[in-house]
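Undergrad: quick check, what structure comes out for this input:
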Amino acid sequence: MRNPRFPLPVSVSGILLTAALTAAALSACAPTVDVTAAGDAANPACAPMMVALPDAIGDAALRKTNSQATAAWGDPSQVILRCGVNAPGPTTDRCVSVNGIDWVIKEGDPIYTLTTFGREPATEVLMDPEVISSATVLADLSAAAAKIPASRNCVGQEDLQSLPSSQ
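TA: Next comes the predicted model:
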């Protein structure tokens with residue numbers, strides 16, 4: 001006769017308890033990347049981009065982060081993304097277009113900061129070009145970044161020369 005306090009046989013309930021504890025222990029060991037959320041991370045425009053992020057950039061797999069509208073790839077992290085940063089204004093920093101997405105590039109030593117241009121909220125990507133190619137990063141993120149509509153584009157020196165003068 002079964003004990004009414006233990007409706008399942010002891011062996012089955014023991015197995016289920018062991019499985020639940022093992023799953024909890026394994027999830028506790030999964031490293032979460034500590035990323036500070038951007039000021040406008042709660043902007044609803046970030047959501048479509050965040051769900052469209054790739055599972056990998058190059059060989060770097062997507063990892064969990066601890067903040068809203070953030071992502072990280074690689075272990076250790078090779079690429080960090082934050083949606084909701086301030087959109088860059090006019091700048092003399094280099095601007096490149098990859099798959100229809102304009103990015104302002106600020107070269108650091110060693111970390112580069114790549115920020116979408118003409119999209120609000122803007123998305124910022126931090127990466128080390130000695131570890132992963134910026135071309136790979138921008139190509140792999142372009143489809144997700146396109147989920148935030150563009151309101152303007154980068155202009156280069158050649159574009160400025162063709163504008164009518166204000167005289």
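Undergrad: for residue 64, give me phi and psi.
TA: phi -80, psi 150 (degrees, to the nearest 10).
Undergrad: ok, it touching residue 32?
TA: Yes: using CB atoms under 8 Å, residue 64 is in contact with residue 32, at 4.8 Å. Using the backbone N, CA and C atoms, a C-beta is placed for each residue, glycine as well.
Undergrad: list the contacts of residue 121.
TA: 38, 40, 43, 45-46, 83-85, 87, 148 (CB atoms under 8 Å, 6 or more residues apart in numbering).
Undergrad: okay, who's weakest in these by pLDDT?
TA: Ranked by pLDDT, the contacts of residue 121 bottom out at residue 87, which has 94.
Undergrad: burial measure for it, as a count.
TA: By other CB atoms under 10 Å, the residues close to residue 87 number 17.
Undergrad: apart from its chain neighbours, what residue comes closest to it?
TA: Leaving out its chain neighbours, the residue that sits closest to residue 87 by CB to CB, 6 or more residues apart in numbering is residue 122, at 4.2 Å.
Undergrad: what sits opposite that neighbour in the beta ladder?
TA: Counting by DSSP bridges, residue 122 is bridged to residue 85.
Undergrad: got it, and residue 94?
TA: residue 105.
Undergrad: which non-adjacent residue is nearest residue 151?
TA: Here the residue nearest residue 151, using CB to CB, 6+ apart, is residue 118, at 5.6 Å.
Undergrad: show me the shaky parts of this structure.
TA: When residues are selected by pLDDT under 70, those of the chain lie in 1-30, 156-167.
Undergrad: now the strands for it?
TA: Secondary structure of the chain, counting by DSSP state E: strands at 56-57, 60-63, 70-73, 79-85, 94-98, 101-106, 112-116, 122-127.
Undergrad: centre of the chain to the second one, how far?
TA: Remark: strand 60-63 is offset 10 Å from the chain centroid, using CA atoms, centre = their mean, to the nearest Å.
Undergrad: just the first one next, same as before
TA: Centre-to-centre, strand 56-57 and its host chain are 10 Å apart (CA atoms, centre = their mean).
Undergrad: now do the contacts for residue 73.
TA: Applying CB under 8 Å, 6+ apart, the residues near residue 73 are 56-57, 60-63, 79.
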